[in-house]
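S.K.: Just to be clear, the model below is a prediction. Sequence and coordinates:
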Amino acid sequence: MSPLSLAILFLLLIVATITDVRTHRIYNWTTYTGLFLAFLLRGLEGGTESAQEGVAGAVGLGGLMLVGFLLFDLGGGDLKLLTMIGAFVGWQRGVEVLLWTFVLGGIGGIAMLVWQEGAWNILVRTGRHLANIVHFRGWVPLTDADRAPLQRLLFLAPAAFLAAIIVNYDLLEACWDLR
């Protein structure tokens, strides 16, 4: 991946992060422009083999995210964002970015939940629910009040941006001599 491709990817991820946090949307003009630029740059810089790797990354990550979109209520913008990242970084690095995105997104989601609800409140509700499970000797569904804090929106664009930095840090070092 060239320094130009890396810079464009990070610029697009910064834009997606800002729009995701501000409006809860990742716009098509960001992801579709990114897909186009990824395929164009891969074809110009690395030829057919590089372009094929970009297609494999886009199809692979897009396919994995499509499963999440259909089964787990992930957003369509998140699907397109990770598809775009796959086009830039290819299949192998793309899967790494995807895994890091979910890890960082989960950590961010837990942090937001603790920040908004309070650690003590979460512990009390969890203890109450576990006591109900023991008392009734089986699983007890959550009440609507207990389920409400778990329905918050997550921002995957910031997590994907950090994941792309983590996975491509070696390229960042090589391009901009970060040592």
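M.R.: Right, received. Where do you want to start?
S.K.: what's the longest helix in this protein?
M.R.: Counting residues, the longest helix found in the chain (DSSP state H) is helix 28-72.
S.K.: other SSEs contacting that one?
M.R.: Applying 3 or more Cβ pairs under 8 Å, 6 or more residues apart in numbering; DSSP states H and E, one finds that helix 28-72 contacts helix 3-23, helix 76-117. (Each C-beta comes from the backbone N, C-alpha and C, glycine too.)
S.K.: Including mean neighbour count and mean pLDDT, could these go into a markdown table?
M.R.: Converted to a markdown table, the helices and strands packed on helix 28-72 look like this (neighbours: other Cβ atoms under 10 Å; pLDDT from 0 to 100):
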| stretch | mean neighbour count | mean pLDDT |
| --- | --- | --- |
| helix 3-23 | 17 | 94 |
| helix 76-117 | 20 | 92 |
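S.K.: so which of the ones you listed gets nearest Ile133?
M.R.: Ile133 lies closest to helix 76-117 among these, at 20.3 Å (Cβ to Cβ).
S.K.: next helix or strand past that closest one?
M.R.: Counting by DSSP states H and E, the element after helix 76-117 in chain order, helix or strand, is helix 119-136.
S.K.: Okay, angle between that next one and helix 76-117 too, please.
M.R.: If you take axes from the mean of the first three to the mean of the last three Cα atoms, to 10 degrees, helix 119-136 sits at 90 degrees to helix 76-117.
S.K.: Show me the contact partners of helix 119-136.
M.R.: For helix 119-136, contacts defined as Cβ atoms under 8 Å, 6 or more residues apart in numbering pick out 113-114, 139-140, 142, 146.
S.K.: What are the buried residues along the next helix or strand after that helix?
M.R.: Counting by DSSP H and E, the next helix or strand C-terminal to helix 119-136 is helix 144-147. For helix 144-147, burial by neighbour count (16 or more other Cβ atoms under 10 Å) applies to no residue.
S.K.: and if you look at stretch 155-173?
M.R.: Buried positions in stretch 155-173, judged by neighbour count with 16+ other Cβ under 10 Å: 155-164, 167-168, 171-172.
S.K.: got a list of what the closest residue to Val59 other than its chain neighbours touches?
M.R.: Leaving aside its sequence neighbours, Val59 sits nearest to Gly86 (Cβ to Cβ, 6 or more residues apart in numbering; 7.6 Å). Listed by Cβ under 8 Å, 6+ apart, the contact set of Gly86 reads 54, 56-62, 94, 97.
S.K.: swap the cut-off to 6 Å and go again
M.R.: Residues near Gly86 by Cβ atoms under 6 Å, 6 or more residues apart in numbering: 57-58, 61, 94.
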